[in-house]
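Engineer: Only the shape, not the letters, is given here:
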């Protein structure tokens, strides 16, 4: 009788351990998969900065509204990091338009935004 009770108890302990490990792995993956915490705080820390702490974009014109220049003083609300490059925008509404674009559209928009104004 004691042996069967021991096996049942051991089986429950193993199941509990496996469930704990799976839940821990799943919950820690939420943050890196774009969960609720992937917004402002992680995006801000990922933005490359110049030595003086300023944010410098690779483009002069807004990729979402190409007729508008990028905001002169950039902050986290008007930039996105795309393929390791800081992309600047003219206003805080344009990054949302950028986020909705496909990668192909982003490539085209960024290429156009890097050309001097009027060309």
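Structural biologist: Perfect, thanks for sending it. Remember, predicted model here, so these are calculated numbers, not experimental data.

Engineer: how about the strands in this structure?
Structural biologist: Taking DSSP state E to define them, one finds strands in the chain at 79-82, 85-88.

Engineer: Identify the neighbouring strands of the first one in the sheet and state each direction.
Structural biologist: The strands beside strand 79-82 in its sheet (DSSP bridges) come out as strand 85-88 (antiparallel).

Engineer: quick one: average pLDDT of the strand it pairs with?
Structural biologist: Averaged over strand 85-88, pLDDT sits at 95.

Engineer: Can you give me the buried ones in that strand?
Structural biologist: For strand 85-88, the neighbour count (16 or more other Cβ atoms under 10 Å) marks 86, 87, 88 as buried. All C-beta spots, glycine's among them, are computed from the backbone N, C-alpha and C.

Engineer: mind listing what residue 71 touches?
Structural biologist: Going by Cβ atoms under 8 Å, 6 or more residues apart in numbering, residue 71 touches 78, 88, 89, 90, 91.

Engineer: What is the end-to-end distance of stretch 52-63?
Structural biologist: Taking Cα to Cα, to the nearest Å, stretch 52-63 runs 25 Å from one end to the other.

Engineer: pLDDT (mean, whole number) over it?
Structural biologist: For stretch 52-63, mean pLDDT is 93.

Engineer: ok, now stretch 92-103?
Structural biologist: 96.

Engineer: Please apply the same query to stretch 107-115.
Structural biologist: 92.
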